[in-house]
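Participant: kindly generate the corresponding structure for this input.
(chains A, B, C and D, ligands or ions: 6)
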Amino acid sequence: MNCEYELYKPSWCPGCGNYMIRDALKKALEDLDIEPSKVVLVSGIGQAAKMPHYIGLNGFNGLHGRALPPAIGIKMSNKDLTVIVESGDGDTYGEGGNHFIHTIRRNVDIAHFVHNNQIYGLTKGQASPTTALGQKTTLQFDGVKLNPINPLALSLTMGAGFVARGFSGDVKHLSNLMKEAILYKGYAHIDILQPCVVWNKVNTFKWYKDRVYKLNEDYDYTDFEAAYKKALEFGDRIPIGILYKVEKETYDQKFSFIEKGKPLVKAELNPINAQNLLEEFY
Amino acid sequence: MNCEYELYKPSWCPGCGNYMIRDALKKALEDLDIEPSKVVLVSGIGQAAKMPHYIGLNGFNGLHGRALPPAIGIKMSNKDLTVIVESGDGDTYGEGGNHFIHTIRRNVDIAHFVHNNQIYGLTKGQASPTTALGQKTTLQFDGVKLNPINPLALSLTMGAGFVARGFSGDVKHLSNLMKEAILYKGYAHIDILQPCVVWNKVNTFKWYKDRVYKLNEDYDYTDFEAAYKKALEFGDRIPIGILYKVEKETYDQKFSFIEKGKPLVKAELNPINAQNLLEEFY
Amino acid sequence: MDYSILIGGAAGQGIETVVELLEKIIKRSGFNIFTYKDYMSMVRGGHNFMQIRFSENEIFTYNNEIDLLFAMTAETITIHKDKVKTDGIIICDENFEDNDVIKLPFDKLVKELGDNRAIGTIGVGFIVKYFGIEYDIAVNTIKTVLKDKNVELNLAAFKAGYEIGESKFKLESLEDNKILINGNQALALGAIAAGVKFYCGYPMTPSTSVMSYISKHANEMNIVVDQVEDEVAALNMALGASYAGVRAMTGSSGGGFALMVEALSLAGIMEIPIVLFNAQRPGPATGLSTRSEQADLRFVIHAGHGEFPKMVIALRNPEDAFYQTARAFNLADKYQIPVILLTDEYLADYEMTVKPFDFSRITIERYITNESEIEDERYKRYKYTDSGISPRLIPGIAKEKLVLVDSHEHNEYGNIDESIETRVNMMKKRMKKLELLKEEIKEPEYIGTENPEVLLVGFGSTYGAIKESILRLNSQDDKFGALIFGDIYPFPIEKLNSYAKKAKKIIVIEQNYLSQLKSLIDEYTDIKVDKSILKYDGRAINSDDIILEINKFLSNDTI
Amino acid sequence: MDYSILIGGAAGQGIETVVELLEKIIKRSGFNIFTYKDYMSMVRGGHNFMQIRFSENEIFTYNNEIDLLFAMTAETITIHKDKVKTDGIIICDENFEDNDVIKLPFDKLVKELGDNRAIGTIGVGFIVKYFGIEYDIAVNTIKTVLKDKNVELNLAAFKAGYEIGESKFKLESLEDNKILINGNQALALGAIAAGVKFYCGYPMTPSTSVMSYISKHANEMNIVVDQVEDEVAALNMALGASYAGVRAMTGSSGGGFALMVEALSLAGIMEIPIVLFNAQRPGPATGLSTRSEQADLRFVIHAGHGEFPKMVIALRNPEDAFYQTARAFNLADKYQIPVILLTDEYLADYEMTVKPFDFSRITIERYITNESEIEDERYKRYKYTDSGISPRLIPGIAKEKLVLVDSHEHNEYGNIDESIETRVNMMKKRMKKLELLKEEIKEPEYIGTENPEVLLVGFGSTYGAIKESILRLNSQDDKFGALIFGDIYPFPIEKLNSYAKKAKKIIVIEQNYLSQLKSLIDEYTDIKVDKSILKYDGRAINSDDIILEINKFLSNDTI
Ligand SMILES: Cc1ncc(C[n+]2csc(CCOP(=O)(O)OP(=O)(O)O)c2C)c(N)n1
Ligand SMILES: Cc1ncc(C[n+]2csc(CCOP(=O)(O)OP(=O)(O)O)c2C)c(N)n1
Ligand code: SF4
Ligand code: SF4
Ligand SMILES: [Mg+2]
Ligand SMILES: [Mg+2]
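Facilitator: Ligands and ions are numbered 1, 2, ... in the order given. This is a model prediction of the structure:
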């Protein structure tokens, strides 16, 4: 595997956390040795969402907030594909909030990497659903008045079987998380702390660096209650790693013709096959 | 208070749980002695959502899935109004899922009563987000394949300060819950178990009746962990009552001119007041 | 012969079963059928009715005169008795306080049978006897239609009704070689025949039955049916599936379609083939959710921000729904565009007998390129070509090439590109396809005399009513013709221009307030429309209505 | 005199500050200014530029010839040098490898100043000197514009630049009695003047600056500004606020507007007044997010399922944006309809000097009825009246009466009603308002000679470019006229018909591919348009472009 990389020069700002997330993704895919042509990277709109332009994979760069629905359509149509979704915090938890919660309910086998810079980067610094209460922004002049979302507590509550937090500042750790998420059968959620050097002067690289710590070796990621508690830990200390991981039946396993058959995209189409359906109308 | 009641004959099926929810609402408002003209009932589309037509209050019967946004607009524009939202499970947790989670983040002072019949009633029996896994419906012929939402765990995770479950079969208990929710300063969520006698042959009146129990007197509804556990209890036994209640700053309290001033709708409008704003353009 | 039976009652009283039995009995006796359905938006109670019209001749719509009214509620009589012909009859329960009606001892019979769900079938027995329909066909039909479901009880009920009845007519059975189907079933069948593998949607009347029909056959036909969280998800998800290479579809009614408008624009710039439908109901907003209108024509044509090629096809009847839906998939694939099927509640729900669909006439043309034919080292999803259509590869099926689709303005590879040159070239590339579509579109169907003095113009589901009007009008005075549009955007103008030249009067017929079809004629031709016959009360127009209006207009306005 | 300065560089290099300083200095020296802005969709890097044109005469658009190019990157020179007049100059850093340019010792100066953020201000000093602008005005302006922000540093930088420069011109200061403002600021000010109390929206370029402007003044003006979760919420929430009695507003660009389409239809049937705007950018889908187009005209006019009255106003320039926005609120309140303001990135972002807005010209007319005037015992929110407009009460303000609004077809009380009679009456009631609107609309503005041989027709933001074209063309040969539409739906046709009759050639000018304004002319009039000048590359058309195209057309096609 070798996902060509220098096709296009990223338009991200120098120092942006997105570069390191891209490094981690590249490394994860190379380590897993997956053919680029077997991977589809799906995204919405935002800085994070430009990723499909900056890495050599199949790509679907859709609408703001709407990365997950096409990812479901893709995976269900061709189960042989590795489907990865990358998008921003605004994209995923704001505009795309409804898809986020209902995609988890399906447990489709996709890996979902959210670049969480706690701000709207591309549109120049408005609050995202993860921006801290009271933080001043280019739109919230007297501070954010909405309580921030806790993305991991939310995906846990919605029943996600793989819930993790990564940090763009630790590429090796992150790329390992990504590998696990890609290998996991089912919906895997990684919320990735990503400094935005231009618009978020609160949650800086240093801010994250000073707070993140890796979960202990002996942390039991099959324990839901423990995971939920860890998810709520977002202050002076922020755990990174796999918070929760259990096996769950996936969506495609519930369609017997997908589970047992070949990918739908390879089905032979013949109108005559449907002719029998006319019977009930006689 | 006397909210006229027989204006219009409900088009609900005989035996539908909605009738009792209406009784509970009427009783709650009468007990609280709130002028009908000071109450706005907001709904989306569905059987539950027809409520504004069947009770004598101000009403906003909007779009499917969109009951919460207008409720926010109403409350922020006139803080003197009591704003109540009633809608179905599909309306609230399905089409309206994104508004549900983000409305909670705001903590606007509204009471939200979800008629949860675990089915799409008006459109004739398709699965709702709360329909049980595997349940057969008029659309899911071989059973529902999505894991059901847990509405109370969700609202707790999103930070709701008032979270309760009611049962349409116990009008007195329900109307007490409603009173508490209306009196509560902030967003109050009651998920109400409501049999649909036509389309949901699983979660019948008897099914609920056999399972619901009232939370103990000594249950501590300020304990988040306890509440979250109670929220997850939805099987052989289903607790009803207030699962969680704590004080939280409300959205309007964060706008000083609302908190301290008169309702926005009473503001005197005068274009000249804005003339100063031209200064910066000279 | 041409008879109509109206069955009316409250939701939940089982008029659907009565109608299903009667329809199948009459159909299997060899007659043509047209069943009109009128529902309220309620699950129980209210007033619903269905009207079964049947004839040995071809019929294309319902009519306003009833031979037999079967009233399951007293209200039904009040509402419909004016439509009953002078020699027609009304049957109802003996407890109803009406005169001039035939009261059947339902209570007594039900008591004898021991089950009150049998009332309807007693009525069926009475009706079969009244029209002199063949007894054996009726009994066999009941057995096959109901299968195990209380066959015994219903046969007894049928016989009881048959016995108390009297024959006014005697209908000789004919050969039965048709199917009885509604527009949504036909649309769904067309999609299945065309090989749809992914259907997603959110329930919304009157679109839902397409999804439930496909869902019923999903396992057998290997189709993923996904009930999505909202309509915004629906079209985005379907686009994902189509990108991945399967034929995908979604649909809704106006309100749900409104939520798909952003993603429609996405399909436009991504150049992903997609078929979707809007089963119209009267708006605005929730409007009349179980009723019919054709008021989304302009909305659908102009749906989506920015400019991109799309095609809109108005479905005219169940047969058209089947063949046009299948064709829509080929067009979408050929031009890599969204194709929108415009239907409505009337067409979705009415049932009629038609020639069995010929599945061998359906072709599946995918226009997917083989990887080996791609010469560029790096695959250009948006390669400039003379036609504007770029060779399409499927991700994952192509083993070496990568497929990148994008919602920004992009270069040939699909990468973001803001340059003037790229913008202009890509706009031209995409819009070239709109030019090609103009050659692809089918002209409207013409019905009537070759040199019409009066030309009627309609689109979509009014087809049957207009056709029947023409047949009836021309049998009096052979001077009428009609053009009924199927393909409606891009708007085909050839036949319209040529027939309009011949005609002295041009009358547009449509089910909306603003006369939107007329607005297209105004925009694309120099033709002056003389009159618009408009109906926007939520009920379908039929040939009685049309002829009345035409006569009124022509008598005021001499040709 | 008529000069243009182009400042180009990468995002993040601070060209905004340079431009702000130069604009204010030039404005306060009494000149008219027009600043065009060209951004890429990036936060850092890429290539952005701004063009400040200034003159003692009124100017209405930017132009294609540059007197001074200030290049902050080497790329800027490559891209723009062709536009520099033969006697114009290019200034840049001494490290750039270009000839024919003036290299400034930025590095050295910056080192002396000890802060590299001062490069831009050095350039400002050089430019002020070059044009011979009054030194004191410049220094005072820097002090007031920058306030505490590094005034010292920047003054030093300014002086350093001023010292190394040489004066080519000498501009005498004039009286400064104008404001310098862009379209979005003007729109926001219009809304604030009209008393908007609730603004909600979701960020989307180029609409965002309306929201952030209002937000900046929210506390002082007592306005709730809510950043919603998505655009679907936005319009529904604004409708709630308007129902509750305050003036409410939302806006977005095409993609976000697409998500509001369902709720637009809700406003239609609920008859809730609402003002919203679509700041267009080139689509489809994400398209070119920081660029301009006029391709949503038809989309906006036909947005929403079903039929209901609405009004669409295309904003023409900042002044228009201010007054029309304020007027839109009165119209929305008067007719209880949605009023859509159509603007675009060009108008949103360009800045020009205009006469200070006259707030005393703004009136606030709410058309809200006093409870005591309601005679019906039970309040009829949708009371039938001759005009179709029902007296409006506000819930909670009315003490005895209840106010019920509904998305279904409803009776006068707002209760669900499916009957034919109600449907027909309510459709007529609502659509009557569309007839009244036809009397309310303002005819397009006419510019030019009274009996034009050549008539130009445009709408919205092309106003300035067309106006300047007419002035320039007529100064040569006084035979041109132009109509520029503001109110565009319902489509006003009187002036168009009368001027079209006089003209021999009719040329439509618009920024889209399909010539959508022409399609309206085709639909509503019998006028034959001879030529469409179309631009859809995302960049605003100016009078140089227009005159070029017109001359080309007229020389091929003799009048
Ligand atoms: C429907 C719609 N609404 C709004 C936008 C404008 N928009 C583009 S990106 C973005 C937010 C980006 O924030 P986030 O998702 O956090 O990504 P980031 O840029 O921070 O990586 C917005 C609001 C859009 N493109 N489409
Ligand atoms: C945008 C949109 N999509 C779909 C519908 C159709 N629809 C009306 S009610 C409903 C579901 C009702 O279910 P629920 O909210 O649970 O309410 P219930 O009828 O069960 O009380 C649906 C899908 C609609 N009106 N609008
Ligand atoms: S604005 Fe922020 S998120 Fe966007 S590229 Fe720059 S640093 Fe990264
Ligand atoms: S369908 Fe179900 S929810 Fe609707 S009215 Fe009937 S019983 Fe109630
Ligand atoms: Mg972000
Ligand atoms: Mg429900």
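
Participant: contacts only, for A:Leu174.
Facilitator: A:20-21, A:24, A:166-168, A:190, A:192 (C-beta atoms under 8 Å, 6 or more residues apart in numbering or on different chains). C-beta: built from backbone N, CA, C; applies to glycine.

Participant: centre of the chain versus the helix or strand hosting it, how much separation?
Facilitator: Element membership for A:Leu174 (DSSP states H and E) is helix A:171-183. Taking C-alpha atoms, centre = their mean, to the nearest Å, the mean C-alpha location of helix A:171-183 is offset from the chain mean by 12 Å.

Participant: in it, what's buried?
Facilitator: Buried residues in helix A:171-183, counted by 16 or more other C-beta atoms under 10 Å in any protein chain shown: A:171, A:173-182.

Participant: before we move on, the earlier item: tell me the one of the contacts of A:Leu174 nearest C:Glu229?
Facilitator: Closest approach to C:Glu229 among the contacts of A:Leu174 (C-beta to C-beta): A:Ile190, at 22.1 Å.

Participant: how about the helix or strand containing that closest one: buried residues?
Facilitator: If you go by DSSP H and E, A:Ile190 is part of strand A:188-193. Neighbour counts over strand A:188-193 (16+ other C-beta under 10 Å) mark A:188-193 as buried.

Participant: who touches the closest residue to C:Ala160 other than its chain neighbours in this structure?
Facilitator: In space, and not counting its chain neighbours, C:Ala160 is closest to C:Leu109: 4.8 Å by C-beta to C-beta, 6 or more residues apart in numbering or on different chains. Residues counted as contacts of C:Leu109 (C-beta under 8 Å, 6+ apart) are C:118, C:122, C:157, C:160-161, C:164.

Participant: quick one: average confidence on the strand holding A:Ile190?
Facilitator: In this model, strand A:188-193 has a mean pLDDT of 98.

Participant: also stretch A:234-243?
Facilitator: Stretch A:234-243 comes out at a mean pLDDT of 98.

Participant: what residue in the stretch 151-300 of chain C comes nearest to chain A?
Facilitator: C:Gly240 (2.8 Å; C-beta to the nearest C-beta).

Participant: give me the low-pLDDT residue ranges for chain C?
Facilitator: C:149, C:557-559 (pLDDT under 70).

Participant: which residue would you name as the spatial centre of it?
Facilitator: C:Leu347 (3.2 Å; C-alpha atoms, centre = their mean).

Participant: which secondary structure elements does the helix or strand where that one lies contact?
Facilitator: According to DSSP H and E, C:Leu347 maps onto helix C:345-349. Judged by 3 or more C-beta pairs under 8 Å, 6 or more residues apart in numbering or on different chains; DSSP states H and E, helix C:345-349 is in contact with strand C:179-182, helix C:183-193, helix C:208-216, strand C:274-280.

Participant: redo the ones you listed as JSON lines? Include mean neighbour count and distance to chain B.
Facilitator: Conversion of the helices and strands packed on helix C:345-349 to JSON lines gives the following (neighbours: other C-beta atoms under 10 Å in any protein chain shown; distance: least, C-beta to the nearest C-beta, whole Å):
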{"stretch": "strand C:179-182", "mean neighbour count": "23", "distance to chain B": "16"}
{"stretch": "helix C:183-193", "mean neighbour count": "28", "distance to chain B": "13"}
{"stretch": "helix C:208-216", "mean neighbour count": "23", "distance to chain B": "5"}
{"stretch": "strand C:274-280", "mean neighbour count": "30", "distance to chain B": "13"}
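
Participant: which one of these lies closest to ligand 3?
Facilitator: With C-beta to the nearest ligand atom as the criterion, ligand 3 lies closest to strand C:274-280 of the helices and strands packed on helix C:345-349, at 31.5 Å.

Participant: can you name the residue of chain C nearest to ligand 3?
Facilitator: At 13.7 Å from ligand 3, C:Ile416 is the closest residue in chain C, using C-beta to the nearest ligand atom.

Participant: got a list of what that residue touches?
Facilitator: A:11, A:50, A:53, C:406, C:408-410, D:41 are the contacts of C:Ile416 under C-beta under 8 Å, 6+ apart.

Participant: buried ones in stretch C:528-540, by neighbour count?
Facilitator: Under 16+ other C-beta under 10 Å, the buried positions of stretch C:528-540 are C:529-540.

Participant: report the two of those separated the most.
Facilitator: Counting by C-beta to C-beta, the most remote pair of the buried residues of stretch C:528-540 is C:Asp530 and C:Gly538, 26.2 Å apart.

Participant: phi and psi next, for the closest residue to ligand 5 within the stretch 251-400 of chain C.
Facilitator: In the stretch 251-400 of chain C, no residue comes nearer to ligand 5 than C:Glu262, which is 20.2 Å away by C-beta to the ion. With angles defined as degrees, to the nearest 10, C:Glu262 sits at phi -60, psi -40.

Participant: what would the helices and strands packed on helix C:345-349 look like in TSV with distance to ligand 4?
Facilitator: Listed next are the helices and strands packed on helix C:345-349 as TSV, based on distance: least, C-beta to the nearest ligand atom, whole Å:
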stretch	distance to ligand 4
strand C:179-182	23
helix C:183-193	21
helix C:208-216	14
strand C:274-280	21
